[in-house]
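Asker: Got a sequence here, can you model it:
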Amino acid sequence: MLVGGNRGGEVFTDVNGATGLRNDDKVGIGMGFGLDLPLLKDPWFGNTLLAEIVVDYARFSRKLVVQATSALLGGSNTSNVSVSQLAIVAAPKYRLDLGPVRPWLVPIGMEFIVNSPPSNDTTYQTPGIHFAAGIEYRLADPVSIGVDARYNLGLGYAHVGEDNSFTFGGYLGFNF
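Answerer: From the prediction side, this is the model:
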């Protein structure tokens with residue numbers, strides 16, 4: 001599940017909603033992949049500090065709206081315009097190694113967010129701050145399953161209105 005900002009009423013998302021068609025959904029889908037690199041074992045508790053790298057794609061809305069380029073040329077052509085976001089995250093991750101059950105926390109991370117389509121002033125990138133928590137279960141040595149919740153706090157440099165998002169989902173992990 002994905003919850004993000006409503007970008008309806010912008011030039012490139014739906015030509016300011018001038019025709020009554022707005023690309024304004026707040027809930028969408030997401031998919032991504034990540035890599036956890038072990039940095040060190042906690043000598044007191046036996047837990048693991050990891051470096052997490054995540055690439056995450058999110059689509060908040062995809063509606064049939066008037067194309068911005070068509071409207072600029074006086075036309076009224078419509079197409080399905082996707083309002084999406086690509087986030088690249090790097091963060092420390094602390095995992096409690098409690099046997100096969102392994103809860104974890106990302107206290108704070110850094111991310112770069114690429115928004116599509118661009119904002120009204122044609123900017124599309126912004127830095128952000130990333131927070132996450134989850135729990136995984138190690139099914140066997142090479143395979144884990146888990147659930148996590150993540151919050152992306154965009155710093156607003158892309159001027160896309162609300163560029164924060166919250167995700168909740170499941171994952172399959174390969175341990176090597």
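Asker: alpha carbons only for contacts and neighbour counts from here, please
Answerer: Fine.
Asker: Let me know the helix or strand that Pro92 is in.
Answerer: If you go by DSSP states H and E, Pro92 is part of strand 78-95.
Asker: go on, Phe12?
Answerer: In this structure, Phe12 is located in helix 11-14 according to DSSP H and E.
Asker: Kindly report the same for Gly28.
Answerer: For Gly28, the host element (DSSP H and E) is strand 27-41.
Asker: cool, and Ile129?
Answerer: Using DSSP H and E, Ile129 maps to strand 125-140.
Asker: Dump that strand to CSV, keeping only the CA atoms.
Answerer: Extracted as CSV, the C-alpha positions of strand 125-140 are listed here (Å, rounded to 0.1, in the frame of the first residue of the first chain):
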residue,chain,number,x,y,z
GLN,A,125,14.2,16.3,-8.1
THR,A,126,14.4,16.8,-4.4
PRO,A,127,16.4,15.4,-1.5
GLY,A,128,14.5,13.8,1.3
ILE,A,129,14.7,12.0,4.7
HIS,A,130,13.8,8.4,5.1
PHE,A,131,12.5,6.5,8.1
ALA,A,132,11.5,2.8,8.2
ALA,A,133,10.7,-0.2,10.5
GLY,A,134,9.9,-3.8,9.9
ILE,A,135,10.2,-7.4,10.8
GLU,A,136,11.4,-10.4,8.9
TYR,A,137,11.3,-14.1,9.4
ARG,A,138,14.1,-16.3,8.2
LEU,A,139,12.4,-19.3,6.6
ALA,A,140,15.7,-21.0,5.7
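Asker: Since that was my last question, I'll sign off now.
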